[in-house]
Every structure is written in C-alpha cells, then in structure tokens.
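Asker: coordinates only, sequence not included:
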C-alpha cells in the first residue's frame, strides 16, 4: 500500500502528537489484511492480555461513557471517553478503532464490525505476533482475572481457563478473581498451569505459618513468608528480562476473605522497591517489568514512587489505553500500559534492550476483531470440547433485549438495571443494590438474552441473594463508602470497580467532594425522600462478609427474564452528577447538574 505525501505528513503528525512512531499509530489502513501488521522492532516483544474474565468465545462489549478522573487524574488517561478519547489519541470517528475504544455509535459499530475477542481468534493473533518477532524473542503475559466471569468457568472452577491459557501459550500470569476460589482450588489450578504464576505482594499470615497447608508448594518461601513466587527471570532475544508479579492488593476487602483465610495482600510498594533493587543487584537483568493487577491509577502512582522498573503491564480497571504513559521517578522513566478486558485487546510492546537498559520501545494495543482473524484450529477444537456438554443450556433463550444491555461505566448500566429490577420483583423489595463489577458482556438491542449472557454478568462463587431491612442512614453510608473507593483522590485508597448499582431509588452524587459529602438528595422512585431514621426493605447479592441466605442471583434473573419475554427498562436509576461538567471522562450523560 502506497501513501501520498499528504497522508504521510498526516500520519507523522499523529505520531508526534501521541508520542509514538508511525507504525504504532492507527493509520487509516485501506486493506483489512494490514490491520494487524506489527513490524519487528528491537529484540524483545512482550505480548500482554488481561481481565478476559473467562470469555472464551467472541462477545460484544460496549466501552464506558463515564470514566471520571478526579484530582490530579482529571482529564488524563485512562479517564477519557468518547470524542475526548478520539481527539487525545488522534483516532478518526466512525472507524473500526473508534468502535473498539469508545462507546460512540455502539449499535451501528456492532453491526458493522461484529464481535470482539474469542480465544481462537486471539490465538491466531498471538501466533502471528510471535512469528513476526522471531523464535525466542517474545513472552506472553496474562494480568489475571482470567479464571472467573462465565458459567463455564464457574462450573469448572477455572480449570477451563487454565487449559485454554496452556493452549494459548501464556508464559507468566498474576491474579485477582483467581483468589475467589478456595485456596486449594487456586493451588491446584496453578499447578495445572504450564506457565509461571508470580505475585510479590501476597504473604502467608503469621498465625497460619506454623501449620500452613501448602508449605510444599514450590512458590512458597518460608523465610520471606511469600505465598507465591515473586518474580521470574527469562532470557528473551538474547537478553535477560525479569518479570515481577503484582496481584490485586485489596482482594480480601473487595472479595470474601473466607475463601483465602491464610493469605494477606496489599500494595506493598516498599517491598516492591526492595525486590527491584535486589533483582537489579543480584540478577543483573537487562530489563525489569511488572505484571500488575493494581488498576491503572495505582500503577501510575507506583511508577512515580518505585524506581528501576522499565514497564508496568497493568490490569484490573479494564482500560483500553492505546499509548504507553511515561512516568518520571527518581531513577528515570517507567512506562505504564493497560490492555482492556474480555479478550478484546492484545498489547504488543517491542523493546530495544541491551547492556542493562531499555534503549527504545514501540507499543500498540491491538483490538481483537473476530471477523478479521481466522480462528486457530487447535484452540477451536479445545473450546468445542470444553463447551460441548453445556452448549444447550448456555444457549437457552430467555427474553429479547428491547435496548442494548451493557454494564461498564462508573454508574448504572442497563444490564445492571435488569438485575436490580429482577431482584426487587423476585424479593418484593423497595430498593435493590448490585455491585459495580466492571466485567460483563453486552447484548445489543434486538438480540436474544441467553443463560450464558446472564452468567456473564453474575457468575461468581458468592452469588447468594439477601432481603433485609436497612435504614436510610445505612443506605447513605454504603453509597458513600463505595463512592470513596472509586473517587478518592489518592489512588492507593481506590479499590477498583464502579459505583454500586441501585434500583428503586435515585440520588445526587458529587465525585469531587470528600467522603460523607458526595451523596445527597436520596429518594424513592416516586419522589419520596429517603428518611435517615426510617427502615426500608432492601435486596441485593454478592455479600463479602457472611454468606447470604437467598438463592443464587442468576436463578432470580433467569426467572424474571422468562416471565418478561421482552426486556424494556422503564427507568434507569442512574444518579444526577454535580461538579463534573466539562470533565472529559463523561459524555452523553443526561443528568448533569
């Protein structure tokens, strides 16, 4: 394909604006066969996937129209949506890339460009990217949230994903939702995984060390107390690359500690610095990278504190970020990336490494379009084998979506509203609460809603529902607490996820305020103000503490959908927002005060 002088100048201008080289920019390719061209650069290619949430098959996934940054993160990646995102990265509206990275014209784009992800298509892309790099010049990293998020992974306790990742050729991984199985299941899955599982920030509790059940596990180190191998050293392209694991720091807070009573987590940046220094001194690597599940804001802060890391490959917050962010620290510069979710993207980082340092890099985040990539035959055969016993059940059609059902976004999504409406009706409650999980696929308008779609939103190991009374004051405390997790100006106090979803009530939220002052004007659907002293019947699911007594949430949602046949959302209980006008992290939001 030849370029005119005008086209060449335009592409060079985009590259300059983005801080990248021409081959890293989404040029307007006229031939689909060129879409995945990633010419070899340097001597080390690191491929990165994260947060696939057990989605083995191609899916639809709508990106958020609300991803607010507050404080120092206002208007900075990853807190850009829609047209602001396109402008920042120089992506043309209406293109395949615009559909991949933004919510804009989602329904039209879904029809035009089809589904994304799917391990068979991902496998084809991985093989191509590795072949372009040459034998022995690449590593495939998995940032975690891999074993959870689908009906099949729930039934197989994550073992389906272990098999799929073995087939894909994942070299190294870390974790988060992996820890929501039992400790024994986690250990068993790691032992079945052909790659290496690394996590420098997971330790065995002191009171569990004496009779620790997994003292023979190869990753456990009695001297340091680490439960897993903290890092691994690999030779890639003739140089030494150290890969450090950073599991999700707040796992026992965001998820039930009862599944993992012997392990303690945390950001542990002091331990990270000590480990980086130790590796640099003793191993003499040419590059040090971190495979992280911190979330991007936390990674950016860690990169500014910990010196000696060349690249952080991040996950957890599901942000598809086309450009690596350069962060200065006392030791130099650290690159920070994040590779989206649901198997939708593959990060390709090419490094020119030698004499103990990274001299240059190229980075590209490739959207995985299933209609542009032929499925890999070996992976297809494995997926068919894994799904065959469950195919009829997974494909059962429950109702039809009258509008697009999605989840991702700081506040209520339409599929979350369906869950809240189902809980209220099934449990005869005034108010419903549903966790702000960022995983969950999209069902376009007019498509059938299947059992598999419901499980894509709900498949966790603690799905039980509850119905109880709460005072208005207790409801406000819950909303304030979750809001602080999301919008605290210090990233180290953010635990990820989005705002708790509500049904049957409305409120006003000002993300720029401090805890205790963000939530106001709470009222029921009929406009009645919520009284702090009065009790209300509340239903919900996914309790982190003691197990709830009710049936699994998916059973109640399935029953609700079968009864409705066609799903029409009468009211979306999304809050009115204050203090965010002009914020490039919100677009097409109807309730800005």
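Answerer: In hand now; what should we look at? Bear in mind that the values here come from a model prediction, so they are computed numbers and not experimental data.
Asker: Residue 267 touches residue 201, doesn't it?
Answerer: Yes. Contact status for residue 267 versus residue 201: in contact at 6.9 Å, counting by C-beta atoms under 8 Å. Bear in mind the C-beta positions are built from the backbone N, C-alpha and C, glycine included.
Asker: Looking only at neighbour counts, state which of these two leads.
Answerer: Neighbour count, other C-beta atoms under 10 Å: between residue 267 and residue 201, residue 201 has more, with 28 against 19.
Asker: one step back: mutual contacts of residue 267 and residue 201, please.
Answerer: residue 249 (C-beta atoms under 8 Å, 6 or more residues apart in numbering).
Asker: Can you tell me which residue is spatially central in this protein?
Answerer: residue 318 (3.1 Å; C-alpha atoms, centre = their mean).
Asker: Show me how this structure divides into domains.
Answerer: Structural domains assigned to the chain are 42-59+115-383, 395-577, following automatic domain parsing.
Asker: Reformat the ones you listed as TSV; add distance to residue 109.
Answerer: What follows is the domains of the chain, written out as TSV (distance: least, C-beta to C-beta, whole Å):
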stretch	distance to residue 109
domain 42-59+115-383	10
domain 395-577	10
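Asker: Out of those, which is the most enclosed?
Answerer: domain 42-59+115-383 (a mean of 21; mean count of other C-beta atoms under 10 Å).
Asker: now the end-to-end length of it.
Answerer: One end of domain 42-59+115-383 to the other measures 35 Å (C-alpha to C-alpha, to the nearest Å).
Asker: how about the strands in the stretch 51-200 of the chain?
Answerer: 138-142, 172-173, 196-197 (DSSP state E, counting those that start in this stretch).
Asker: strands paired with the last one, and their directions?
Answerer: If you go by DSSP bridges, strand 196-197 pairs up with strand 172-173 (parallel).
Asker: Give the rounded mean pLDDT of the strand it pairs with.
Answerer: Per-residue pLDDT over strand 172-173 has a mean of 98.
Asker: coming back round to it: right, so of the strands of the stretch 51-200 of the chain, which gets closest to residue 220?
Answerer: Proximity of the strands of the stretch 51-200 of the chain to residue 220 was assessed by C-beta to C-beta; the nearest stretch is strand 196-197, lying at 11.8 Å.
Asker: what's the closest one in contact with?
Answerer: Residues outside strand 196-197 that contact it (C-beta under 8 Å, 6+ apart): 171-175, 190, 219, 228-229, 232, 245.
Asker: make it 6 Å
Answerer: 172-173, 190, 228, 232 (C-beta atoms under 6 Å, 6 or more residues apart in numbering).
Asker: other SSEs contacting the helix or strand residue 418 falls within?
Answerer: Element membership for residue 418, per DSSP states H and E: helix 414-427. Packed against helix 414-427, as judged by 3 or more C-beta pairs under 6 Å, 6 or more residues apart in numbering; DSSP states H and E, are the following elements: strand 431-436, strand 498-503, helix 553-564.
Asker: nearest to residue 87, of these?
Answerer: Closest approach to residue 87 among the helices and strands packed on helix 414-427 is made by strand 498-503 (24.1 Å; C-beta to C-beta).
Asker: Quick check: closest non-adjacent residue to residue 118.
Answerer: By the measure of C-beta to C-beta, 6 or more residues apart in numbering, the closest residue to residue 118 outside its immediate chain neighbours is residue 58, 3.7 Å from it.
Asker: typo on my end, it should be residue 403
Answerer: Closest to residue 403 by C-beta to C-beta, 6+ apart is residue 445, at 5.0 Å.
Asker: pLDDT at that neighbour, what is it?
Answerer: Predicted confidence (pLDDT) for residue 445: 97.
Asker: what stretches of the protein score poorly on pLDDT?
Answerer: Low-confidence segments of the chain (pLDDT under 70): 1-33.
Asker: circling back: out of the helices and strands packed on helix 414-427, flag the one nearest residue 41.
Answerer: Each of these was scored for nearness to residue 41 using C-beta to C-beta, and the closest is strand 498-503 (36.3 Å).
Asker: What helices and strands are in contact with that closest one?
Answerer: helix 414-427, strand 431-436, helix 472-487.
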